[in-house]
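> Sequence first, predicted model second:
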Amino acid sequence: MDANPSKLLSVVVPAHNEARGIAHAIDVIVNTLASCGMRLEVVIVDDGSRDGTFERVAEVSRKDARIKAIRFTRNFGKEAALLAGLRVAAGEAVVTIDSDLQHPPALIPKMIEEWRKGAMVVDAVKRSRENDGPLTRLRAGLFNALLSRLGGINLRDASDFKLLDRLVVDAIARELPERQRFYRGLADWVGYRHASIPFDVEARAEGEGKWSLWKLVQLATTAIVSFTSAPLQIVTILGVLTLGLGVVVGADALIASFQGRAVSGFATTIITLLIVGSFIMISLGIIGEYIAKIYDEIKARPTYLVESSIGFDGNEAFRVGEVIRPRAMLVERDLDR
């Protein structure tokens with residue numbers, strides 16, 4: 001994988017309500033990669049922004065044909081945006097990077113060098129989280145440790161900042177059928193040769209973070225349910241332990257009655273009922289998460305819907321069956337060249 005200006009590097013950038021900073025982010029990416037030894041395309045995936053993000057990208061694209069974009073009909077989430085970007089990216093190597101520049105574009109040339117040495121997946125690993133609060137660091141550490149332990153994948157403080165070889169891109173974007181996805185986990189699950197480069201998380205260039213606590217909980221739930229059945233096994237183990245506890249308590253009460261001792265069990269009974277009831281509700285919740293995932297997969301709805309595009313000829317950006325292209329494309333007629 002030697003330097004070859006005929007090879008194409010695709011940079012996929014998910015964006016949601018980033019109108020204030022998206023033009024600057026594109027400018028930094030393009031300037032950083034001006035001497036990377038590869039042709040360049042930058043694919044912006046507008047995840048249902050309502051602040052004019054897509055229009056700002058259109059302005060930049062009119063001046064630089066290497067800037068392309070697709071816009072979702074609504075907010076489908078970052079995982080869907082990453083999937084869409086991987087599907088339309090045409091490069092021999094594809095980089096995924098956040099639009100807020102917390103992932104430093106200056107690291108991409110080093111990632112390209114690792115790719116040229118033979119790595120199929122180059123992970124940018126977070127070396128420090130100085131710009132994150134203590135609760136955020138604790139939450140991320142617990143999540144990575146839990147999923148790595150239960151799911152059999154090694155997140156290694158990994159982020160969505162990665163470089164993927166074309167073979168890996170095709171495997172993730174076209175060969176894996178599931179609709180509820182966890183990109184970081186899939187990039188590790190597919191295997192291939194990995195390399196990692198540490199980086200320090202930068203402060204946001206513009207705006208505020210879009211990840212609420214609820215969205216983080218949803219992502220964590222999707223990741224755990226997608227990669228491991230351990231919670232179901234834990235439910236079974238706890239059920240056996242609860243049964244054993246019940247047998248012990250019942251045997252003790254039976255022995256006490258034979259010995260003529262009074263069994264004062266009101267408080268014990270109430271506590272036991274509360275414990276067992278809580279266990280049952282938690283178990284139903286865990287099982288419900290798996291059933292809900294199965295239900296979503298069976299419905300077979302598309303992961304996202306594309307409203308319009310910039311810089312893609314014809315239907316090139318919409319070759320995959322899951323992407324439904326609406327008939328009314330008023331915005332695209334105005335913006336597409």
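Great, that's in hand.
> Would you map the helices across this protein?
Taking DSSP state H as the test, the helices found in the chain are 22-32, 53-63, 78-88, 108-116, 134-151, 166-170, 183-189, 213-227, 230-258, 266-299, 330-335.
> what comes into contact with stretch 15-24?
25, 44-53, 55-57, 59-60, 75, 78, 81, 99-101, 204-207, 210 (C-beta atoms under 8 Å, 6 or more residues apart in numbering). From N, CA and C alone the C-beta is placed, and that goes for glycine too.
> Could you pick out the buried ones from those?
Buried members of the contacts of stretch 15-24, counted by 16 or more other C-beta atoms under 10 Å: 25, 44-49, 53, 56-57, 60, 75, 78, 81, 99-101, 204.
> roughly how far apart are residue 231 and residue 281?
Taken as C-beta to C-beta, to the nearest Å, the spacing of residue 231 relative to residue 281 amounts to 14 Å.
> Those two: which has the busier surroundings?
Using other C-beta atoms under 10 Å, the more surrounded residue of residue 231 and residue 281 is residue 231, with 18 against 10.
> okay, now the spatially closest residue to that one that is not a sequence neighbour: neighbour count?
Leaving aside its sequence neighbours, residue 231 sits nearest to residue 286 (C-beta to C-beta, 6 or more residues apart in numbering; 4.7 Å). Residue 286 sits with 17 neighbouring residues when counted by other C-beta under 10 Å.
> Next one, pLDDT for residue 286 please.
Predicted confidence (pLDDT) for residue 286: 76.
> isn't it right up against residue 236?
No: between residue 286 and residue 236 there is no contact under C-beta atoms under 8 Å: 10.7 Å.
> I'd like to know how many residues surround residue 279.
15.
> Give me the pLDDT value at it.
Here, the pLDDT recorded for residue 279 equals 74.
> OK, contacts around it?
Counting by C-beta under 8 Å, 6+ apart, residue 279 has contacts 238, 239, 242.
> helices and strands of the chain: which one has the lowest mean pLDDT?
None of the helices or strands of the chain scores lower by mean pLDDT, DSSP states H and E than helix 330-335, at a mean of 39.
> in the sheet, who's paired with residue 71?
With DSSP bridges applied, residue 71 shows beta-bridge pairing to residue 46, residue 308.
> Residue 14 too?
Residues in beta-bridge contact with residue 14 (DSSP bridges): residue 45.
> Might you report the residue contacts of residue 242?
Contacts of residue 242 (C-beta under 8 Å, 6+ apart): 275, 276, 279.
> What of residue 123?
Applying C-beta under 8 Å, 6+ apart to residue 123 gives the contacts 156, 158, 159, 161, 162, 187, 194, 195, 196, 197.
> And the contacts of residue 242, which is closest to residue 90?
Set against residue 90, the nearest of the contacts of residue 242 by C-beta to C-beta is residue 279 (51.8 Å).
> What distance do you get for the closest one to residue 244?
13 Å.
> Show the pLDDT at residue 13.
According to the prediction, residue 13 has pLDDT 94.
> Out of the contacts of residue 123, list just those in strands.
158, 159, 161, 162, 194, 195, 196, 197 (DSSP state E).
> ok, the second one touching residue 184?
Meaning residue 159. Yes: counting by C-beta under 8 Å, residue 159 sits close enough to residue 184 to count as a contact (7.2 Å).
> So these two - more neighbours on which side?
A count of neighbours by other C-beta under 10 Å puts residue 184 above the other of residue 159 and residue 184, at 23 against 20.
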